[in-house]
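1. Let me see the structure of the following:
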Amino acid sequence: QLQLVESGGGSVQPGGSLRLSCAASGFRLDYHALGWFRQAPGKEREGVLCISWSGDVTNYADSVKGRFTISRDNAKNTFYLQMDSLNSEDTAVYYCAVDAYGACAETDTEFGADYWGQGTQVTVSS
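-> Numbering: from 1, shown residues only. As a prediction, this is how the structure comes out:
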């Protein structure tokens with residue numbers, strides 16, 4: 001069965017950190033662009049970061065620059081979103097996604113997701 005399984009969400013205080021993981025089963029991630037998206041209450045889903053098959057990173061959200069990092073471990077067939085200096089505006093359901101192509105799209109709306117994770121809640125609150 002082809003699926004993405006996310007883990008690592010939860011509640012954290014402002015200024016804290018979380019690391020989300022997205023593990024694939026039933027297919028290989030090696031030659032795909034991989035992305036993280038999020039949807040806050042009452043808002044549309046937005047792209048956060050994308051990493052190409054070769055490791056190039058595209059940032060879709062200016063608000064996370066310098067705070068969030070995307071990485072991939074092809075040996076583990078897993079990719080990650082490291083989130084530091086979290087603030088309340090980062091509260092959202094986070095989704096991982098796999099693009100059919102190896103390069104990251106220039107914008108999040110052009111990201112052609114073949115697969116989506118189930119979503120994991122991240123809540124930043126004091």
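2. Strands of this protein, residue ranges please.
-> Secondary structure of the chain (DSSP state E): strands at 3-7, 10-12, 18-25, 34-39, 46-51, 57-59, 68-73, 78-83, 92-99, 113-116, 120-124.
3. Would you mind finding the most buried of the ones you listed?
-> strand 34-39 (a mean of 24; mean count of other CB atoms under 10 Å). Where you see a C-beta, it was placed from the backbone N, CA and C, and this is true even at glycine.
4. what does that strand contact?
-> 20, 22, 45-51, 60, 68, 70, 72, 79, 81, 90, 92-99, 104, 108, 111, 113, 119, 122 (CB atoms under 8 Å, 6 or more residues apart in numbering).
5. who's in contact with residue 91?
-> 40, 41, 122, 123, 124, 125.
6. The helix or strand bottoming out on mean pLDDT in the chain packs against which elements?
-> Ranked by mean pLDDT, DSSP states H and E, the weakest helix or strand in the chain is strand 113-116, scoring a mean of 93. Here strand 113-116 touches strand 3-7, strand 92-99, going by 3 or more CB pairs under 8 Å, 6 or more residues apart in numbering; DSSP states H and E.
7. of all those strands, which lies closest to residue 15?
-> Between residue 15 and these, the tightest spacing by CB to CB is seen for strand 92-99, at 17.3 Å.
8. which regions of this structure lie under the pLDDT threshold?
-> The chain contains no residues with pLDDT under 70.
9. partner residues bridging the most centrally placed residue in it?
-> Central residue of the chain (CA atoms, centre = their mean): residue 36, 2.1 Å from the mean position. Beta-bridge partners for residue 36, by DSSP bridges, are residue 49, residue 96.
10. Would you mind confirming that residue 83 makes contact with residue 90?
-> Yes: judged on CB atoms under 8 Å, residue 83 makes contact with residue 90 at a distance of 6.7 Å.
11. Need the residues touching each of those two.
-> Joint contacts of residue 83 and residue 90 (CB under 8 Å, 6+ apart) are 64, 122.
12. measure residue 109 to residue 46 for me?
-> 9 Å (CB to CB, to the nearest Å).
13. and if you look at residue 95?
-> Taking CB to CB, one finds residue 95 at 10 Å from residue 46.
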